[in-house]
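A.B. asks: sequence and computational prediction follow.
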Amino acid sequence: MAEDNTFIAVINDTDSTNKGKSYSLPIGGSNYNQFLGKRIGDTIDGLFVGEGEITLAGYTLKIAGGSDKTGTSMRGDLDGGARKAVLVTESTGFKGHKLVHKNSKRYRYKPDGLRKRRYFRGNTITQDIRQINLKVVKHGNKSLSDLLGAGSTGGD
């Protein structure tokens, strides 16, 4: 099976005028290798994000998280890039409530001490990661809405 050597970068614009709008860009080719081995919390130059004519030169981005090809989310407190089972309470990847069906209605209740074993990826980007969440730390000359207006994925 051939490896798909691309990431999907989801860039969250922290500018107050855009109110948290996010944009999606592919990362492939030689830029793919720039992300391998980076960890959650590291900063990266925006020049390595995007393909072809669309790059974020002048921007500085911080890695905020990501997920692998199966949708398993990354956690900043797990070292390495392997998939690990962790016993967690209400936090990233676990809502901490239980759904109960009574009288043809659905109720959500949160018992004290509810914990579950969930799988998470470590904080290091490996070849198994497919989506990387990035946050803008330093803005460039042009706004993200001007550069990437057509590729928006969310926001108000």
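C.D. replies: That came through, no problem.
A.B. asks: any weak-confidence spans in this structure?
C.D. replies: Along the chain, segments meeting pLDDT under 70 span 1-3, 16, 18, 150-156.
A.B. asks: ok, which stretches of it are strands?
C.D. replies: 6-12, 22-28, 43-45, 60-68, 83-88, 98-102, 105-109, 116-121, 129-138 (DSSP state E).
A.B. asks: check contacts around the residue of the chain positioned farthest from its centre.
C.D. replies: Ranked by distance from the centre of the chain (C-alpha atoms, centre = their mean), the top residue is Asn103, with 39.1 Å. Applying C-beta atoms under 8 Å, 6 or more residues apart in numbering to Asn103 gives no contacts. For every residue, glycine as well, the C-beta is placed using N, CA and C.
A.B. asks: wait, which of the strands of the chain is closest to Leu148?
C.D. replies: Taking C-beta to C-beta, strand 22-28 is the member of these nearest to Leu148, at 4.3 Å.
A.B. asks: buried stuff in the closest one?
C.D. replies: Using 16 or more other C-beta atoms under 10 Å as the test for burial, strand 22-28 gives 22-23, 25-27.
A.B. asks: cool, stretch 128-138 as well?
C.D. replies: Using 16+ other C-beta under 10 Å as the test for burial, stretch 128-138 gives 129, 131-136.
A.B. asks: check stretch 67-78 too.
C.D. replies: Within stretch 67-78, the residues that qualify as buried are 67-68, 72-75, 78, counting by 16+ other C-beta under 10 Å.
A.B. asks: I'd like the residues you listed as CSV, with distance to Ser91 appended.
C.D. replies: Shown next, in CSV, are these (distance: C-beta to C-beta, whole Å):
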residue, distance to Ser91
Ser67, 16
Asp68, 19
Thr72, 15
Ser73, 11
Met74, 13
Arg75, 9
Leu78, 12
